[in-house]
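Asker: Coordinates only, no sequence provided:
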DNA sequence: CATGAATGAGCTTTCATTCAT
DNA sequence: TATGAATGAAAGCTCATTCAT
């Protein structure tokens, strides 16, 4: 009889179910544009009921479809961020650090093409600015500080602000990844890593 | 017994009305994400009825909301393409041609920030690949041939295919434009044109 | 500049056009149900513009579609009433008068099957009660008085009120006509007049 | 890529809701003509949402408004057919059988004036021919066979085909019922049953 | 938890009707 | 008058979201 108005307690959530739902959602969001996806499709793909989706993603500020997309995105990006920090450990030179960043991202999309397709098909570029996780924030701040240090050290071009350098770096990285997926080419992007990063390095250094 | 569906005669279109609708639509699509926009909002902004929207954009393969967005996009990009061809006339060196292209795009978004915001907020990156006008096709082919010639002439880096060079160029250009709008900085991007293009040129040349 | 709010002056109406429109409307209303008919269909069938329909039938209490149907109906029924009065002239016995009425109606629908089909397809029975012309009123009053006199004279059954007698008469007459059209039988109803009226006469007399 | 349309499962139907909707619809269709009725009116009267109407009556060949009207009609007529068969049980003479039929119909409209008004206001006579349920078919066949037997037995007039006899019978019955409702007389029609049926019997017998 | 019915919002279409030319 | 564009109303449908069981 008594209403339980409390938010969904974490205890009622099964991480395995969450995993399964998000995996299914990524597949669906990767195949059609966000607003052509129905929650039914996702529920079917995740072999669960609509209600389960609402239970896991429903009590947010946003509707659960957007909440679900955000969750998929954050989850993927957290993985990327984690992997990135892991791979950066022990690398000290500017060039090697940036080169590594470049490689880790290309490699990530090579391994998770569905995640890439989802970003292309279902995430507006405008979202990239606002909707971020702590992990990404930290990563971005880390990058910025590296770039800034590089400028201070007289290695990187300091005629532009460090965020512009970051745009340069990300712009190329993401465009390359995106077009690779859109064109449906076979091969791995990471294989082109050397030559592409050389170009980028020429651009960013003095 | 009788036909009920007949082709819509072309004559039913008043260019001024079309103009007004698309202008209004750009404002609305620039302010909210595509799937948060209602046709009512656009109709109100264009001071016309819903039915008028359907008259102008309704008999397409896609629903009229998508058709309307496409129309806005195409219209804007056609303007850009036209302006581009206009500005390229009489410029012969590779460097100057690419520099001009870079400048024209930055200048375009400086002049039409709403068009840029619309692209950021309401166009999925995946659309950029498929949904193109003849004008854009032509422009892209032109770029590609210029890049290819540059490679043949031994001026541009030929370690990567010309489409990759194009991705490099576009990636930086669009990311810069997009982030400028997202960050809401005052100033014109075109003012940074020189230093940015220098970086890009270093990357793309041998 | 000055508005002419006056009702459409008769002078601007061409009886030939009216005739053509109503003839066309009867064909269309006979073929589909009222609410499946569009004014476009009628305009096309009458080879005139929509506006002409509104000019001729638009300034009524009802919308012009209903007004047009009413006009067709009234026009047809006025013809019937006229023909009826014409044929009744000079007939004096009750039996012959009623027999003649019966015959004139059967003959009317034999000659104007489209009018009959229109009534079946596009006129709700409820309309028959309310929406009447002076001609019909007069005709009905005439019938009622004949029936009443027949009762007074001891010839017609006076165990029921005269309107009931009229219902009896009309009920059979209209049902027979209607089913003949619905069944799409060839032949003329009027050919069965004798035997049918004999039955009716047996019912209505003492 | 994915199916978006799936068959509506039968289970989605609550008979009580169906009942409530149809009861409300009869009231509304009885009060205004079919094409002046909006589904909103019916939804309000049935205290449900528009979408519920579409859920229950929407996946038909016809639009849901017509489907709803048909359902109301069929439902009512099935009741009538059932009651008729019930009342006919154990009656053997032709006269009594026909008399009973006459009475059951008059009594039905006395008890369900709204059903009668709905038929008058919202059903085109042309529909009576085509749009029938198995129950009505059976009833009509039963009547026809009774009439035919009567003719064979030398009791009923065999100068006309049995369907014509049926038209005679129905024509009077329905016209009487209809005009009673239109005139809004108080009293019950069934009270006039005796004298009316006597008239009819005189007409139909040899 | 899962199922499925109910609801509200919004897209899309058709048509009667009106207005400007 | 005729033409065609504009509008409002309502049908018809899909889907996110909620509620009861």
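Answerer: Great, that's in hand. Values in this document were obtained by computation on a predicted structure and should not be read as measured data.
Asker: Next one: the residue lying closest to residue A:35 once chain neighbours are set aside, what pLDDT does it get?
Answerer: Distances taken as CB to CB, 6 or more residues apart in numbering or on different chains place residue B:35 nearest to residue A:35, at 4.1 Å, with adjacent residues excluded. In short, each C-beta sits where N, CA and C put it, glycine included. pLDDT for residue B:35: 92.
Asker: now the helix or strand of chain A with the lowest mean pLDDT, how far from the centre of its chain.
Answerer: Taking mean pLDDT, DSSP states H and E as the measure, chain A has helix A:125-130 as its least confident helix or strand, at a mean of 84. Here the centre of helix A:125-130 is set off from its chain's centre by 11 Å, with CA atoms, centre = their mean, to the nearest Å.
Asker: Give me the residues contacting it.
Answerer: Under the criterion CB atoms under 8 Å, 6 or more residues apart in numbering or on different chains, residues B:33, B:117, B:119, B:120, B:121, B:123, B:125, B:178, B:179, B:182, B:183 lie in contact with helix A:125-130.
Asker: try stretch A:175-183
Answerer: A:105-106, A:109, A:113, A:116-117, A:119-120, A:189, A:196, B:125-126, B:128-129, B:163-164, B:167-168, B:170-172, B:174-175.
Asker: Of those, select the buried ones using a ChimeraX command.
Answerer: Selecting only the buried entries of these in ChimeraX, with 16 or more other CB atoms under 10 Å in any protein chain shown as the criterion:
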select /A:105,106,109,116,117,119,120,189,196 /B:125,126,128,163,164,167,168,170,171,172,174,175
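Asker: just checking, next helix/strand downstream of the least confident helix or strand of chain A?
Answerer: As assigned by DSSP states H and E, the chain's next helix or strand after helix A:125-130 is helix A:134-152.
Asker: what is the orientation angle of the helix or strand that comes right after that following helix with helix B:162-183?
Answerer: Sequence-wise, the next helix or strand downstream of helix A:134-152 (DSSP H and E) is helix A:162-183. Counting by axes from the mean of the first three to the mean of the last three CA atoms, to 10 degrees, helix A:162-183 lies at 130 degrees to helix B:162-183.
Asker: and helix A:162-183, how far from the chain's centre?
Answerer: Worked out by CA atoms, centre = their mean, helix A:162-183 lies 13 Å from the chain centre.
Asker: Specify the local secondary structure of whichever residue of chain A sits closest to chain D.
Answerer: The minimum distance from chain A to chain D, using CB to the nearest CB, falls at residue A:41 (5.6 Å). On the three-state scheme (DSSP: H, G, I helix; E, B strand; the rest coil), residue A:41 is labelled helix.
Asker: Quick check: it touching residue A:28?
Answerer: Yes: between residue A:41 and residue A:28 there is a contact at 5.3 Å, judged by CB atoms under 8 Å.
Asker: Give me the more crowded residue out of the two.
Answerer: Comparing residue A:41 with residue A:28 by other CB atoms under 10 Å in any protein chain shown, the one with more neighbours is residue A:28, at 27 against 21.
Asker: quick one: is whichever helix or strand that one is part of near DNA strand E?
Answerer: Element membership for residue A:28, per DSSP H and E: helix A:15-31. Yes: interface with DNA strand E: helix A:15-31 contributes residue A:17 (CB under 7 Å from any atom of the strand).
Asker: pLDDT score for the closest residue to residue A:148 other than its chain neighbours?
Answerer: Once flanking residues are discounted, residue A:148 sits nearest to residue A:162: 4.7 Å by CB to CB, 6+ apart. The per-residue pLDDT reported for residue A:162 equals 93.
Asker: Same check on the one 4 residues further on?
Answerer: The predicted local confidence for residue A:166 comes out at a pLDDT of 94.
Asker: now residue A:52
Answerer: 91.
Asker: what's the answer for residue A:8, then?
Answerer: The model's pLDDT for residue A:8 equals 45.
Asker: Could you show which parts of chain A are in contact with chain D?
Answerer: Residues of chain A lying close to chain D by CB under 8 Å from any CB of the partner chain are A:31, A:32, A:38, A:41.
Asker: of all those residues, which two lie farthest apart?
Answerer: A:31 and A:38 (12.3 Å; CB to CB).
Asker: on that earlier part again, so what's the residue count around the residue nearest to residue A:35?
Answerer: Neighbours of residue B:35 using other CB under 10 Å come to 15.
Asker: I'd assumed it was in a helix, is it?
Answerer: Yes: with three-state DSSP as the criterion, residue B:35 is located in a helix.
Asker: Secondary structure class of residue A:59, three-state.
Answerer: Going by three-state DSSP: residue A:59 is coil.
Asker: for it, phi and psi?
Answerer: For residue A:59, the backbone dihedrals are phi -90, psi 30 (criterion: degrees, to the nearest 10).
Asker: pLDDT score assigned to the nearest residue to residue A:48 once chain neighbours are set aside?
Answerer: Using CB to CB, 6+ apart and skipping the chain neighbours, the partner closest in space to residue A:48 is residue A:21 (6.5 Å). On pLDDT, residue A:21 comes in at 94.
Asker: Which one of residue A:31 and residue A:38 is surrounded by more residues?
Answerer: For residue A:31 and residue A:38, the more surrounded residue by other CB under 10 Å is residue A:31, and the numbers stand at 18 against 15.
Asker: that older thread, how close does the residue nearest to residue A:35 sit to chain C?
Answerer: To chain C, residue B:35 is 35 Å away according to CB to the nearest CB, to the nearest Å.
Asker: And residue A:111, by the same measure?
Answerer: Residue A:111 is 59 Å from chain C, by CB to the nearest CB.
Asker: what's around that residue, how many residues?
Answerer: 13.
Asker: Let's see the pLDDT reported for it.
Answerer: Looking at residue A:111, its pLDDT reads 96.
Asker: next one: the one 4 residues further on
Answerer: Residue A:115 is assigned a predicted lDDT (pLDDT) of 96.
Asker: before we move on, which element is it in?
Answerer: Per DSSP H and E: helix A:113-122 holds residue A:115.
Asker: Touching, residue A:200 and residue A:170? I think so.
Answerer: No: with contacts counted by CB under 8 Å, residue A:200 stays clear of residue A:170, the gap being 10.7 Å.
Asker: do the longest helix seen in chain A and chain B meet?
Answerer: Taking DSSP state H as the criterion, chain A has its longest helix at helix A:64-88. No: Helix A:64-88 is not in contact with chain B by CB under 8 Å from any CB; minimum separation 9.1 Å.
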